[in-house]
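>>> Using only what follows, build the 3D model:
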Amino acid sequence: MSDVITINLTLGKAECIRGESVPFRVTLQNRGKTVIEEFPSFDRHAEALFLVAEPEGARPVNPDLPDPFSPDAIVGTEMSSLERDGRHEHGPHAAPTETLAPGATLAKAGDVLEWLGELKPGRYKVTAQHRGIDEMIVSEPAMLAVKPASPVAHASAVPAHDAYDVPAMAAWTHQEGGQLLVFHQVQSGALPRNPRRCWRIGPASTVDDLAPATVASTFQNFGHLLWVEGGKPRVAALDLTDKSPPPPPRVLTPTLRLPGPILRSPRSMPDGSVMLVSCDPGGRQAMLAQIRSDGSVASQSFDFGRAGPVGSYSLCWEMTETLRLFACAAGGREVTATMFFLDDVNAPPVVRTAFASKEPVAWLHGYLDVDAAMKEQPAFEHNAPPPEERPVEPPPPKEMLWVIGRREGVLSCTRVNVTDNRSRAEALLDVSKLNGPRVVQSVLDNDRQVTLLLLDAANTYHVGSSATRDVTPLAEVAGESITPAQQPLLMASGPEGVLPFVYVRFLKPKDGRIAYRLLSPAGERDPAEHAHAHQH
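Next up, the predicted model:
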């Protein structure tokens, strides 16, 4: 049938940096003179279309085995990214098929990164292969050269935990000669080490304060990456739709003077604008700003009042409606909550006390719990006759806050329900054997437990967990030593993850990549590695 059915593969580029997106397009055509019935379609649930990358020197296909691919080939389908999450999507009972009239074509566009995952440096022969009706139909190969990455900085967005199945956003800069290249990453929300997209934004003379923005919905069309270059804020606006190839990013230089660092993390809005908070180095004055898609700016300045100078803070975005800024003065015990209304950047905020801690506050991590609010309210009106049964408006999410307190030799982890004015001490972490530990980052897993990254005076990292109630050297959990120069960051699975996975992400320039190590749950196998081992 291969003389009747032809398949063609086009790559969007012949060379990429490790971890970078490469758009592709596959077309299949019936060049015969008869109609072909029940031909396996390009529908993702048919899993009939494969993308195959064979490294140079790959072993040939073994004709004595049923596997039609080289043992060294990297093979993927449109479902592979979901499988690397450890998830499965059920399709129709019967595999989708097509009726191909003479001259009819099927087409599919995608991203090599999403289908195959991150390819190691080297040269690859890439083919599109379709299992057809009774034989594999193979395209002419397209060559792809993958160069090592040379990462010098990276960042990840702090998830807002206000929506389901939203991607995890990240960014990194690549050093090439004397030039920096900026990249924006879209990672799986279910398994943040699993790549979806990675766009090359472009060159930059300097990059400070790299800050990818979160999104409010998985269906949102726009995303943003912010950084400071030569003292001026830069904003890359990205198309998050499935267009392949995607439109090139638009880079804006808004007329905006930031008072200081950008607080983690900004928020992309559905209208194409991006919201951010920036704080002065003294921790007393701050600014809420909205940068619109045309580069214009609306902003208001505010002070932290009794929460200043700020020692710890946490931003909580509620979809596109409000922002809650939790803050506590350095060495203080009172946590304030400042609510901003996002439909009017200039509207005065509402400030109140969120929690009074019994001990000095070392760290804050706020989140909005939609599930807890839904449990207290029925989905439909009570006692309404069936024809008149109406859904009840969903309640506002519960405002929740992890407060990490410090006392002699101990970090206390207290979960605060700010909405209902309740709190519970859930874990005491023994840090008595550590030399001056301080919290440098935190993440929530999909059980809403907090994991802390600690750095001591000897520049040694440790991981503390409210779930396990212990503190462990990062090197012991990750299986290798990770230094401050490698800029470790924690990333965790969102609510759609199959388990409460927590990873450390860090620079590994000697290996030409950004690396991930699974930290928890202990003893679990990384789903992404498992999927690669069984990809064909």
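>>> ends of stretch 462-469, how far apart?
Across stretch 462-469, the terminal residues are separated by 13 Å (C-alpha to C-alpha, to the nearest Å).
>>> Same check on stretch 487-500?
This stretch, stretch 487-500, spans 23 Å end to end (C-alpha to C-alpha).
>>> what does stretch 495-512 give?
31 Å.
>>> Go through that stretch and flag the buried ones.
Judged by neighbour count using 16 or more other C-beta atoms under 10 Å, the buried positions of stretch 495-512 are 495-497, 499-507, 509, 512. Glycine gets a C-beta too; all of them are placed from N, C-alpha and C.
>>> okay, which residue is most central for the chain?
The centre of the chain sits closest to Ala168, judged by C-alpha atoms, centre = their mean, with a distance of 1.4 Å.
>>> Ala157 is in contact with that one, correct?
Yes: assessed by C-beta atoms under 8 Å, Ala168 is found in contact with Ala157 at 7.0 Å.
>>> shaky segments in the stretch 101-250 of the chain?
Within the stretch 101-250 of the chain, the segments meeting pLDDT under 70 span 161-162.
>>> For the residue nearest to the centre of the chain, name its beta-bridge partners.
For Ala168, the beta-bridge partners under DSSP bridges are Gln187.
>>> now the helices for the stretch 101-250 of the chain?
112-116 (DSSP state H, counting those that start in this stretch).
>>> what about the strands in the stretch 1-150 of the chain?
Counting by DSSP state E, counting those that start in this stretch, the stretch 1-150 of the chain has strands at residues 5-11, 15-17, 23-30, 36-40, 49-55, 74-76, 97-100, 105-111, 122-130, 137-138, 142-147.
>>> How far does the first one sit from its chain's centre?
Pointing back at strand 5-11 there. How far strand 5-11 lies from its chain's middle: 32 Å, per C-alpha atoms, centre = their mean, to the nearest Å.
>>> How about the second one?
Using C-alpha atoms, centre = their mean, the distance from the centre of strand 15-17 to the centre of the chain it belongs to is 22 Å.
>>> before we move on, back to that, just list the residues touching the residue nearest to the centre of the chain, thanks.
156-157, 159, 186-189, 192, 491, 494 (C-beta atoms under 8 Å, 6 or more residues apart in numbering).
>>> can you pick the most crowded of those residues?
In terms of neighbour count, Pro192 stands highest of these at 29 neighbours, by other C-beta atoms under 10 Å.
>>> Quick check: that one touching Glu496?
No: using C-beta under 8 Å, Pro192 is not in contact with Glu496, being 11.6 Å away.
>>> Whichever helix or strand Gly405 is part of pairs with which strands, and in what direction?
In this structure, Gly405 sits in strand 398-407 according to DSSP states H and E. Partner strands and pairing direction for strand 398-407 (DSSP bridges) are strand 361-369 (antiparallel), strand 410-417 (antiparallel).
>>> ok, and the closest non-adjacent residue to Lys13?
Spatial nearest neighbour of Lys13, chain neighbours left out: Val22 (5.7 Å); criterion: C-beta to C-beta, 6 or more residues apart in numbering.
>>> Next one: that neighbour from Leu113, what distance?
With distances taken as C-beta to C-beta, to the nearest Å, Val22 is found 7 Å from Leu113.
>>> so what sits against both of the two?
Residues touching both Val22 and Leu113 (C-beta under 8 Å, 6+ apart): none.
>>> From Asp294, how far out is the residue lying closest to Ser81 once chain neighbours are set aside?
Distances taken as C-beta to C-beta, 6+ apart place Glu114 nearest to Ser81, at 5.0 Å, with adjacent residues excluded. Distance, Glu114 to Asp294, by C-beta to C-beta: 31 Å.
>>> These two: which is more packed in?
Neighbours of Glu114 and Asp294, each counted by other C-beta under 10 Å, are more numerous for Glu114; the result is 24 against 9.
>>> got the contact list for the more buried one?
By C-beta under 8 Å, 6+ apart, the contact set of Glu114 is 21, 80-81, 195-197.
>>> Check Leu210 too.
By C-beta under 8 Å, 6+ apart, the contact list for Leu210 reads 153-155, 171-173, 182, 225-227.
>>> same thing but at 6 Å, please
Applying C-beta atoms under 6 Å, 6 or more residues apart in numbering to Leu210 gives the contacts 153, 155, 171, 227.
>>> wait, isn't the second one in contact with Ala171?
It stands for Ala155. Yes: the pair Ala155 / Ala171 is scored as a contact, 5.2 Å apart, by C-beta atoms under 6 Å.
>>> Can you tell me how far the residue nearest to Ser81 is from Val22?
Here Glu114 is placed at a distance of 10 Å from Val22 (C-beta to C-beta).
>>> what's near enough to touch Gly282?
Pro309.
>>> Same question for Trp172.
Residues in contact with Trp172, defined by C-beta under 6 Å, 6+ apart, are 151, 154, 183.
>>> what about the closest residue to it other than its chain neighbours, neighbour count?
Closest residue to Trp172 apart from its sequence neighbours, by C-beta to C-beta, 6+ apart: His154 at 3.9 Å. The local packing of His154 (other C-beta under 10 Å) involves 22 other residues.
>>> Asp371 too?
Asp371 sits with 11 neighbouring residues when counted by other C-beta under 10 Å.
>>> Is it in a helix, a strand, or coil?
With DSSP: H, G, I helix; E, B strand; the rest coil as the basis, Asp371 sits in helix.
>>> For Thr408, give me the pLDDT.
I think there's a mix-up here, since residue 408 is Glu and not Thr. pLDDT, Glu408: 93.
>>> Quick check: phi and psi on it?
Glu408 adopts backbone torsions of phi -60, psi 110, taken as degrees, to the nearest 10.
>>> Now do the nearest residue to it once chain neighbours are set aside against Pro203, distance only.
Of all residues not flanking Glu408 in the chain, Ser432 sits nearest, at 7.8 Å (C-beta to C-beta, 6+ apart). Distance from Ser432 to Pro203, counting by C-beta to C-beta: 48 Å.
>>> again with Thr353
Using C-beta to C-beta, one gets 47 Å for the distance from Thr353 to Pro203.
>>> Please apply the same query to Pro63.
To Pro203, Pro63 is 49 Å away according to C-beta to C-beta.
>>> same thing with Ala467?
Per C-beta to C-beta, Ala467 is found 42 Å from Pro203.
>>> These two: which has the busier surroundings?
Shown here are Ala467 and Pro203; by other C-beta under 10 Å, Ala467 has more neighbours (18 against 11).
>>> Just the pLDDT at the residue lying closest to the more buried one once chain neighbours are set aside, thanks.
The shortest distance from Ala467 to any non-neighbouring residue, by C-beta to C-beta, 6+ apart, is to Gln449 (4.0 Å). What the model reports for Gln449 is a pLDDT of 96.
>>> Tell me, how many residues neighbour Gln449?
If we define neighbours as other C-beta under 10 Å, then Gln449 has 21 of them.
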